[in-house]
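Undergrad: sequence first, then the predicted structure, then my questions.
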Amino acid sequence: MDIKALFGGTALTFDQFSERLKTAGKDGAEAKLVDLSDGGYVGKDKFSTLESDRDNLKRQLATVQESLKKLEGADVDGLSQQVADLQKKIDDQEAAHQDQIAERDFSVALDGAIRGANGKSTKAVAAMLDLDSIRKSNNQQSDLAAALKALAESDPYLFGDNAPETPARVLNSGGSHEDGSGGGGGGNGTNQAMNALIRGDTKGD
């Protein structure tokens, strides 16, 4: 709309101006004036963008409503309980896995400590220790070492070299026993007989 042409180069009263607006629009339609002082006017591009956003929101709302319809009649509380039970099962499995790892690490540390203390039998030494208390300790290494030291003092037979035992020998206190008989020099007959048995000597007829 051409405002200048609307006035026609002359001054108009309000009524005259209003009358000319009735045919000043496109194709002789009535023209309308808009007050833009409050910033209420929206350009065509921005309006198109807002329309597109509105349409997207409508589509999203329709999708949500469709999903809600599918849940109609469903046991929501039951589904929530199933999810909670599944989460608890996962948490329990994770806790059990962590316990297995901790027990494995403790067993390795225990075996190494006993061997380091020269224990003769890992099982025998471990059976004499308060393993539950050591497991719960925040200082397992030092507490285990202290427990092994105390056990070695109270039960030294559990510790020592792991060398195999040697057969016991019977020693003769004196005398010559080359032929398994007689013997002077304070020889003992019982010792002679035992030594002969050890050597596998047999008495001839």
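TA: The structure has been received and is ready for your questions. On a predicted model such as this, the values are computed, not experimentally measured, just so you know.
Undergrad: so where's the chain shaky on pLDDT?
TA: Applying pLDDT under 70 to the chain flags residues 1-4, 6-8, 21, 24-28, 30-44, 46-47, 161-205.
Undergrad: against which helices or strands is the host helix or strand of Gln16 packed?
TA: Assessed by DSSP states H and E, Gln16 sits inside helix 14-21. Where contact means 3 or more CB pairs under 8 Å, 6 or more residues apart in numbering; DSSP states H and E, helix 14-21 is packed against helix 3-7. Bear in mind the C-beta positions are built from the backbone N, C-alpha and C, glycine included.
Undergrad: can you show me the CA trace of the helix holding Gln16 as CSV?
TA: Provided in CSV are the C-alpha atoms of helix 14-21 (Å, rounded to 0.1, in the frame of the first residue of the first chain):
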residue,chain,number,x,y,z
PHE,A,14,-9.6,10.9,10.3
ASP,A,15,-13.0,10.0,8.8
GLN,A,16,-11.7,10.7,5.3
PHE,A,17,-8.5,8.6,6.0
SER,A,18,-10.6,5.8,7.4
GLU,A,19,-12.9,5.9,4.3
ARG,A,20,-9.9,5.6,1.9
LEU,A,21,-8.5,2.7,3.8
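Undergrad: hmm, Asp105 and His135 touching each other?
TA: In this structure residue 135 is Arg, not His. No - counting by CB atoms under 8 Å, Arg135 does not reach Asp105; the two are 10.6 Å apart.
Undergrad: these two: who's more crowded?
TA: Arg135 (14 against 11; other CB atoms under 10 Å).
Undergrad: against which helices or strands is the longest helix seen in the chain packed?
TA: What stands out as the longest helix in the chain, according to DSSP state H, is helix 76-116. Other helices and strands packing on helix 76-116, by 3+ CB pairs under 8 Å, 6+ apart, are helix 122-127, helix 131-136, helix 140-154.
Undergrad: how about JSON lines for those, with distance to Glu51 added?
TA: Converted to JSON lines, the helices and strands packed on helix 76-116 look like this (distance: least, CB to CB, whole Å):
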{"stretch": "helix 122-127", "distance to Glu51": "79"}
{"stretch": "helix 131-136", "distance to Glu51": "68"}
{"stretch": "helix 140-154", "distance to Glu51": "70"}
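Undergrad: alright, that wraps it up for me.
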